[in-house]
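[1] Have a look at this prediction, sequence included:
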Amino acid sequence: MAAPTASTWAAISQIGLNQAIDATSTTKHHPIGHTVRCRDTSSQARGEAEFRYAGGVASTAVGDLVVFDGDITLRALARSVGPCGVAMSACPASSYGWYQVTGNAIVAAGTLSDNKQPYLTATAGTVDETVVAGDYVLGARCVTAADTGFAVVVLDHPQVADTDDSA
C-alpha cells in the first residue's frame, strides 16, 4: 500500500475549502476544530469521511495518528491520552492542516492484521496489533493488513484514554 493521499477528497458539507485536505499552510485558513465532511472521488473509493482542522507538531508525516491537544496536535505514542485523528499532510509546528476523524483512513502501521484492534506503540504516530494495557485506540478498527508501513483503519472519532480493553 502506498503512502496515503488526500488529493481526491471533495467537500460535501460546505462549498469550497480555503485549504485542500492534503495541504499544509503556515496561515490559518479555518478556525481550529473546524470540521468538514468529504467524499473520496478517486478510484480508491474510500467513501465519505470527516476531517478536523488543527495546528501541527514537528515531524508529523502523512498517515501519522495524532492526539488533539488544544489548538495543536501531538504524534500519538504509548500512553497518549485524548481524541485522535490521522494526519492528511506533513504538518510541522507553526503550520495548520486537516486530520481525518471518521471513515476509512490510511494509517502508519507496524504489524497490523485485517479485522484487528489498533494499539499505540513506542513509535510516534504508528499503531500495531500488540495488546498493551493503556494503549487501546477506541473508535478504530483495522480493515486491511499493514503493507509497506500503512493499513486502512476505519475511524469513528477515535480516542485513547490510557486504559485497556480487557473486561
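    Sure, I can see it. Here the structure is a predicted model, which means the values were calculated and not measured.
[2] which is the next helix or strand following the strand or helix carrying I106?
    Here I106, judged by DSSP states H and E, is contained in strand 96-108. Scanning forward in sequence from strand 96-108 by DSSP H and E, the next helix or strand is strand 119-120.
[3] So which elements touch the helix or strand that that following strand is followed by?
    Helices and strands here follow DSSP H and E; after strand 119-120, the next one along the chain is strand 127-128. Contacts defined by 3 or more Cβ pairs under 8 Å, 6 or more residues apart in numbering; DSSP states H and E place strand 127-128 against strand 119-120. Just so you know, the C-beta spots here come from the backbone N, C-alpha and C atoms, and that holds for glycine as well.
[4] Distance from the strand it packs on to the middle of the chain?
    Centroid separation between strand 119-120 and its chain, computed with Cα atoms, centre = their mean, to the nearest Å, is 13 Å.
[5] tell me what it is packed against?
    strand 127-128.
[6] How far does whatever helix or strand comes next after the strand it packs on sit from its chain's centre?
    Going down the chain from strand 127-128, the next helix or strand is strand 138-142, by DSSP H and E. Counting by Cα atoms, centre = their mean, strand 138-142 is centred 11 Å from the centre of its parent chain.
[7] Please point out which parts of strand 138-142 sit buried.
    140, 142 (16 or more other Cβ atoms under 10 Å).
[8] List of residues touching that strand?
    For strand 138-142, contacts defined as Cβ atoms under 8 Å, 6 or more residues apart in numbering pick out 84, 109, 112-118, 127, 129, 151-161, 165.
[9] Any chance of a PyMOL selection covering the buried ones in these?
    With 16+ other Cβ under 10 Å as the burial test, the buried ones among those are selected in PyMOL as follows:
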select buried, resi 84+109+112+116+117+118+127+129+151+152+153+154+155+158+159+160
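[10] which stretches of the chain form helices?
    In the chain, no helices are found when defined by DSSP state H.
[11] the bottom helix or strand of it by mean pLDDT?
    Across the helices and strands of the chain, mean pLDDT, DSSP states H and E gives its lowest value to strand 9-11, namely a mean of 87.
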